[in-house]
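**Student:** I would like to see how this sequence folds:
(2 chains)
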2 protein chains.
Amino acid sequence: MTPTIGILGGGQLGLMLLQAAIDWNLRVHILDPDAEAPCRTLCTTFMQGSLTDYDTVYQFGQSVDVLTIEIERVNVDALEALEREGKKVFPQPSVIRTIQDKRLQKQFYRDHNLPTADFILTENRADVAMIEIQQPDFLPAFHKLGRDGYDGRGVQRIASVADVGKAFDAPGVLEKAVDFDKELAVIVARNERGDVQTFPTVEMVFHPELNLVDYLFAPADISADINQKAQDIARRTADAFGIVGLLAVELFLDKKGNVLINEVAPRPHNSGHHTIRANVTSQFEQHWRAILNYPLGDTEVYQPAAMVNLLGEDGYTGPAVYEGLENLLAVSGVFPFFYGKAITKPFRKMGHVTVMDQSLEALREKVEGVKSSIRVISS
Amino acid sequence: MTPTIGILGGGQLGLMLLQAAIDWNLRVHILDPDAEAPCRTLCTTFMQGSLTDYDTVYQFGQSVDVLTIEIERVNVDALEALEREGKKVFPQPSVIRTIQDKRLQKQFYRDHNLPTADFILTENRADVAMIEIQQPDFLPAFHKLGRDGYDGRGVQRIASVADVGKAFDAPGVLEKAVDFDKELAVIVARNERGDVQTFPTVEMVFHPELNLVDYLFAPADISADINQKAQDIARRTADAFGIVGLLAVELFLDKKGNVLINEVAPRPHNSGHHTIRANVTSQFEQHWRAILNYPLGDTEVYQPAAMVNLLGEDGYTGPAVYEGLENLLAVSGVFPFFYGKAITKPFRKMGHVTVMDQSLEALREKVEGVKSSIRVISS
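**Tutor:** Model prediction:
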């Protein structure tokens, strides 16, 4: 019998997981705090409730055979209780717990000899001030909150003693800034029996102001040697965690050719949305294969692809309208995906566009065309 | 604003339409007589009701902006009333009406100089007997019921006077048997502004006993000249109907190299399921593009593909179990799709498997592997 599955979170990643689940007729139940979550009408049952409340998560988990996540800000205590009682919880609660806390995450890399930027754990703002004075060579650095920092919140750049006021007065980690050439990402899948399969390395181009991925290319424009390093690190990291599910490994390529782990996410990731169109197996199907302990799928690329995030236009808050869809659809190999969020806000992730073509140059041109042709505004 | 869409029918074609609709966040309502229809939990609202009852179809249609079908056995009078009142109904009721009746459909080809097997319209069994006596050269032939013949029902082979008892004593069409070499199919899409786009020609291999597609290959193993004929006929047929939506054109290639229309379906079709994985745009997304009057998508093939129908195993009726899924998923480029029908019956369409590879030979081998590795039985 096919198991009953629960997902904590019903946003865009849940939506794409549900889309992939249709192929195998999986019965998927969703828990999300938002009554208007994108997944609400596309799952077997939708339950509105907090992802961080012990009782809510525990009760939701009781009703399913396999529990997974689309967001890591969830109640791990409840997941551990469910796991102890014999539920399949993938990724495992211990993995989520380590990744939830940037301090534990960084220490994990050090303990497992996984390359990452140098760092010092800090307990409060005074610790940061002390480092600035005693180890000026450690600057510039980023001070990151241990917990609850997401999407660019909970990170401050500390360039000199003058920035000490920006440091968090709470447990955090001061991470030496990497003078990087590129940002890369590798999504890796691992199933219960320990099979590991990576997706081709992607290259992320960040929006200069928003600290969000602006667009990415895949495969990355890097040497075979660098690619091998990135792929090996992703694979070793998944094995070190012993994760069952997907692990998205974000990497820095520094100017000396070193590849360093920036951070990881134990779930489908923005850097893999193009795999729905461009790869033999998508990251979403791969997630199901991994957590249901099926053989992992082939990740080969059909065509080079780019992915552009569609962010809510600055200055518009209200019911979302996609302006320019018609022009977009007129271009061969351009595929929008809208997340079904009713309300747009400035810079909110409202969708993405997958762009495919034979060459990197053609892709770059199409990406610019996409960015200038579609806007998410309010009605 | 995105329009509200209704689909008459919530079976497997509806399911795959819903899957494609997720990308564009389309709000889709489903009407189906079966409370357990595959689409029931994956649409905005699900309404249980008859597709052939005037009032039910009319009322369902009132609640949406655009109405479409996944099955042609629907109440066309209701659709015509809705169309008169200004609703967008695609494919148009007039097209469905012609296609529903094999007599009108055959006459349509003759009226529009579209190549099809020679035929004689018959009113009753006595007409068939008369032809057998007066025109013995017209045999062997197939006698087809004008209306309500589906999936091999409503068709009888008439080889000689001895078979007259098998002919239908109701309005029908006697169609001269084609001594064919191959059966082909071309799915063509046409939008409201008259853009037309075809999918590559596929080659169908029928199950010798069941009169159902056993598997198909795409692109078809035919000469460029034959391919051009098939593509042209599909395009001309779509234009002749003036259809808005998809038209699946099933064709015979006879032993003299003539390409003849067998029959058509005004909707997504079994012969296009592989396009989800193997083509830049799937037939399901193309259907949405066509009926929403968007530019049609590129239909290019990424890789040669085959599609195997998964039929309920003979001798099993009851809750469906898919035996051998694990082995199937272990083969690269093999992707099952299950339709979520709770009950399996002998030869019921329970799913399909898309198979991809670089060459036709490799595909044929994989197809045999698939057929021997998975079975749909009951628990």
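
**Student:** how many residues are close by A:Val164?
**Tutor:** 17 (other Cβ atoms under 10 Å in any protein chain shown). Quick note: C-beta positions are derived from backbone N, CA and C, even for glycine.

**Student:** surely it and A:Glu132 touch.
**Tutor:** Yes - applying Cβ atoms under 8 Å, one finds A:Val164 in contact with A:Glu132, separated by 5.9 Å.

**Student:** any common contacting residues for these two?
**Tutor:** Common contacts of A:Val164 and A:Glu132 (Cβ atoms under 8 Å, 6 or more residues apart in numbering or on different chains): A:Ile158.

**Student:** looking at chain A, which helix or strand does the model trust least?
**Tutor:** Across the helices and strands of chain A, mean confidence by mean pLDDT, DSSP states H and E is lowest for strand A:213-218: a mean of 87.

**Student:** can you list the strands that it pairs with?
**Tutor:** Strands that pair with strand A:213-218, judged by DSSP bridges, come out as strand A:202-206 (antiparallel), strand A:305-311 (antiparallel).

**Student:** just want the angle from the strand or helix carrying A:Thr237 to strand A:202-206.
**Tutor:** If you go by DSSP states H and E, A:Thr237 is part of helix A:224-241. Here helix A:224-241 runs at 90 degrees with respect to strand A:202-206, directions being taken by axes from the mean of the first three to the mean of the last three Cα atoms, to 10 degrees.

**Student:** and helix A:224-241, what does it pack against?
**Tutor:** Judged by 3 or more Cβ pairs under 8 Å, 6 or more residues apart in numbering or on different chains; DSSP states H and E, helix A:224-241 is in contact with helix A:102-111, strand A:180-190, strand A:196-198, strand A:245-254, strand A:259-265.

**Student:** with just CA atoms, put stretch A:32-44 into PDB.
**Tutor:** Only the C-alpha atoms of stretch A:32-44 are listed here, as PDB (Å, rounded to 0.1, in the frame of the first residue of the first chain):
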ATOM      1  CA  ASP A  32       0.300  25.300   7.300                       C
ATOM      2  CA  PRO A  33      -0.500  28.300   9.400                       C
ATOM      3  CA  ASP A  34      -2.000  30.200   6.500                       C
ATOM      4  CA  ALA A  35      -5.600  29.400   5.600                       C
ATOM      5  CA  GLU A  36      -4.800  30.700   2.100                       C
ATOM      6  CA  ALA A  37      -1.600  28.700   1.600                       C
ATOM      7  CA  PRO A  38      -0.900  27.800  -2.100                       C
ATOM      8  CA  CYS A  39      -1.400  24.100  -1.400                       C
ATOM      9  CA  ARG A  40      -4.800  24.300   0.200                       C
ATOM     10  CA  THR A  41      -6.900  23.000  -2.600                       C
ATOM     11  CA  LEU A  42      -4.400  20.500  -4.100                       C
ATOM     12  CA  CYS A  43      -3.800  18.100  -1.200                       C
ATOM     13  CA  THR A  44      -5.800  15.200   0.200                       C
END
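
**Student:** hmm, who's touching that stretch?
**Tutor:** With Cβ under 8 Å, 6+ apart as the criterion, stretch A:32-44 contacts A:4, A:7, A:9-12, A:14-15, A:18-19, A:27-30, A:46-51, A:339-342, B:18, B:22, B:25, B:41-45.

**Student:** go again using 7 Å as the cut-off
**Tutor:** With Cβ atoms under 7 Å, 6 or more residues apart in numbering or on different chains as the test, stretch A:32-44 has contacts from A:9-12, A:14-15, A:18, A:27-30, A:46, A:48-51, A:339-342, B:22, B:41-44.

**Student:** so which of those residues sit within helices?
**Tutor:** The helices, defined by DSSP state H, take in A:12, A:14-15, A:18 from the contacts of stretch A:32-44.

**Student:** same list, those residues, but only the ones touching chain B.
**Tutor:** Near chain B, judged by Cβ under 7 Å from any Cβ of the partner chain, the entries from the ones in helices among the contacts of stretch A:32-44 are A:Leu15.

**Student:** closest to chain B out of the ones in helices among the contacts of stretch A:32-44?
**Tutor:** Using Cβ to the nearest Cβ, A:Leu15 is the member of the ones in helices among the contacts of stretch A:32-44 that lies nearest chain B, at 6.5 Å.

**Student:** helix, strand, or coil at the closest residue to the closest one other than its chain neighbours?
**Tutor:** Nearest residue to A:Leu15, sequence neighbours excluded (Cβ to Cβ, 6 or more residues apart in numbering or on different chains): A:Pro38, at 4.6 Å. Using DSSP: H, G, I helix; E, B strand; the rest coil, the structure places A:Pro38 in coil.

**Student:** poorly predicted segments of the stretch 201-350 of chain A, please.
**Tutor:** Within the stretch 201-350 of chain A, the set of residues satisfying pLDDT under 70 comprises A:210-212.

**Student:** contact residues of it facing chain B?
**Tutor:** Residues of the stretch 201-350 of chain A found near chain B (Cβ under 7 Å from any Cβ) are A:280, A:289, A:294-295, A:298, A:302, A:326, A:329-330, A:332-333, A:335, A:337-338, A:340.

**Student:** what subset of the residues you listed is buried?
**Tutor:** Among these, those buried by neighbour count (16 or more other Cβ atoms under 10 Å in any protein chain shown) are A:280, A:289, A:294-295, A:302, A:329, A:333, A:335, A:337-338, A:340.

**Student:** what about the helices in the stretch 251-379 of chain A?
**Tutor:** Ranges of helices in the stretch 251-379 of chain A, per DSSP state H, counting those that start in this stretch, are A:275-278, A:283-291, A:325-329, A:360-373.

**Student:** the longest one vs chain B: in contact?
**Tutor:** Going back to what we said before, that points to helix A:360-373. No - Helix A:360-373 stays clear of chain B (Cβ under 7 Å from any Cβ), getting no nearer than 12.6 Å.

**Student:** so which bits of that helix are buried?
**Tutor:** Result for helix A:360-373 [16+ other Cβ under 10 Å]: buried residues A:363-364, A:366-367, A:369-370, A:373.

**Student:** by contact count, what packs against that helix?
**Tutor:** Secondary-structure packing of helix A:360-373 (3 or more Cβ pairs under 7 Å, 6 or more residues apart in numbering or on different chains; DSSP states H and E): strand A:213-218, strand A:305-311, helix A:325-329, strand A:349-356.

**Student:** again with the shortest one
**Tutor:** Contact analysis of helix A:275-278 by 3+ Cβ pairs under 7 Å, 6+ apart lists strand A:349-356 as its packing neighbours.

**Student:** how much space between A:Glu323 and chain B?
**Tutor:** Separation of A:Glu323 from chain B (Cβ to the nearest Cβ, to the nearest Å): 12 Å.
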